[in-house]
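**Student:** Take this sequence and fold it.
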Amino acid sequence: MSDNLVVLRGRLVERDALRHTPAGIPIVKFRMAQQSKQAEAGTSRDVSFEIQAVAFEREAGLLAAAPLGMELRVTGFLDKKGRTSATLVLHATHIEFV
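**Tutor:** Here you go, the predicted model:
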């Protein structure tokens, strides 16, 4: 098995309503924005992007109650949005509000 671990700190910019999968598992889809300075090739670079994400169970409940604009630190992994999609989605396995 190879590594697939992502840790991002950013702002909650969009959130769908809490819903449940057919198996009854709570789920929330959301977007987070990240802005930072990163070192690359011996220089500082401004980085800014938004990423689609999804959270299940406990993390879904936390996000459902969080106001937009809240800063959060998300730990998780990347996977395709669907079987035939090339778009990546961050699956949040742990969320902290900072």
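**Student:** Correct me if wrong: Phe56 contacts Phe30.
**Tutor:** No - look at Phe56 against Phe30 with CB atoms under 8 Å: they stay out of range, at 11.9 Å. C-beta: built from backbone N, CA, C; applies to glycine.
**Student:** These two - which one has more neighbours?
**Tutor:** Ranked by neighbour count (other CB atoms under 10 Å), Phe56 and Phe30 place Phe30 first, with 25 against 15.
**Student:** what about the strands in the protein?
**Tutor:** With DSSP state E as the criterion, the chain has strands at 6-15, 19-20, 26-40, 43-56, 71-80, 88-97.
**Student:** Redo the ones you listed as CSV? Include distance to Ala65.
**Tutor:** Shown next, in CSV, are these (distance: least, CB to CB, whole Å):
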stretch, distance to Ala65
strand 6-15, 10
strand 19-20, 15
strand 26-40, 10
strand 43-56, 12
strand 71-80, 12
strand 88-97, 10
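**Student:** Rebuild these as TSV, extending it with mean pLDDT and distance to Leu62.
**Tutor:** Below are those laid out as TSV (pLDDT from 0 to 100; distance: least, CB to CB, whole Å):
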stretch	mean pLDDT	distance to Leu62
strand 6-15	97	10
strand 19-20	97	15
strand 26-40	96	9
strand 43-56	97	8
strand 71-80	97	9
strand 88-97	97	5
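**Student:** Who are the contact partners of Ile95?
**Tutor:** 55, 59, 62-63, 72-75 (CB atoms under 8 Å, 6 or more residues apart in numbering).
**Student:** beta partners of it?
**Tutor:** Val74 (DSSP bridges).
**Student:** which parts of stretch 50-60 are buried?
**Tutor:** 51, 53-55, 59-60 (16 or more other CB atoms under 10 Å).
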